[in-house]
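Enquirer: Here's my sequence, what's the structure:
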Amino acid sequence: MSRSELGMFGEEQAAALLEKEGYRILERNFRCRFGEIDLIARRRDILAFVEVKLRKNASYGEAREFVTPSKQRRLRLAASWYLSGRLWAQTLQPRFDVVEIYAPQGADGPLKLSHLEDAFV
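Expert: Here you go, the predicted structure:
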């Protein structure tokens, strides 16, 4: 499985987890001039901008640690861009979440998923 296929697999797993938690996926791989947001999901009055991080293990650090300050800045800009074009979304509470996925054996083995709500501001 290529790196991009593994990334898509991770995003599918993250979307399934969020749907199980009662979220509705509004966008996948939203792109604008500021960057990309992996998933945009809504649950009641929350609009979650979700970064998905998939790793084999945590030997080089927790997956969430790879959402660097620079990546956070790009996500905030992209989220602002998203909100600016959707008046309906401006009544919702925006939040930045991270879904960590650990796949020691790739897509063929067991996965460990964690949804970190309000992961950064």
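Enquirer: what mean pLDDT does the one helix or strand Q13 maps to have?
Expert: Assessed by DSSP states H and E, Q13 sits inside helix 3-20. Mean pLDDT, taken over the full extent of helix 3-20, equals 92.
Enquirer: who are the neighbours in contact with R28?
Expert: R28 is in contact with 11, 15, 38-39, counting by Cβ atoms under 8 Å, 6 or more residues apart in numbering. C-betas here are computed from N, CA, C, even on glycine.
Enquirer: where does it land in three-state SS?
Expert: Three-state assignment for R28 (DSSP: H, G, I helix; E, B strand; the rest coil): strand.
Enquirer: Let me see the confidence value for the residue of the chain most remote from its centre.
Expert: Largest separation from the mean C-alpha position in the chain: L87, at 22.2 Å (Cα atoms, centre = their mean). Note on L87: pLDDT of 91.
Enquirer: roughly how far apart are it and G10?
Expert: Plainly put, L87 is 32 Å away from G10 if you go by Cβ to Cβ, to the nearest Å.
Enquirer: Using PDB, write down the CA coordinates of the lowest-mean-pLDDT helix or strand in the chain.
Expert: Ranked by mean pLDDT, DSSP states H and E, the weakest helix or strand in the chain is helix 3-20, scoring a mean of 92. The C-alpha coordinates for helix 3-20 follow below in PDB (Å, rounded to 0.1, in the frame of the first residue of the first chain):
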ATOM      1  CA  ARG A   3       1.900   6.200   1.400                       C
ATOM      2  CA  SER A   4      -1.100   8.200  -0.200                       C
ATOM      3  CA  GLU A   5      -3.300   5.000   0.000                       C
ATOM      4  CA  LEU A   6      -2.400   4.600   3.600                       C
ATOM      5  CA  GLY A   7      -3.200   8.200   4.300                       C
ATOM      6  CA  MET A   8      -6.600   7.800   2.600                       C
ATOM      7  CA  PHE A   9      -7.200   4.600   4.600                       C
ATOM      8  CA  GLY A  10      -6.400   6.600   7.800                       C
ATOM      9  CA  GLU A  11      -8.900   9.300   6.900                       C
ATOM     10  CA  GLU A  12     -11.600   6.700   6.200                       C
ATOM     11  CA  GLN A  13     -10.900   5.100   9.600                       C
ATOM     12  CA  ALA A  14     -11.100   8.600  11.300                       C
ATOM     13  CA  ALA A  15     -14.300   9.500   9.500                       C
ATOM     14  CA  ALA A  16     -15.900   6.200  10.600                       C
ATOM     15  CA  LEU A  17     -14.800   6.800  14.200                       C
ATOM     16  CA  LEU A  18     -16.300  10.300  14.100                       C
ATOM     17  CA  GLU A  19     -19.500   9.100  12.600                       C
ATOM     18  CA  LYS A  20     -19.800   6.500  15.400                       C
END
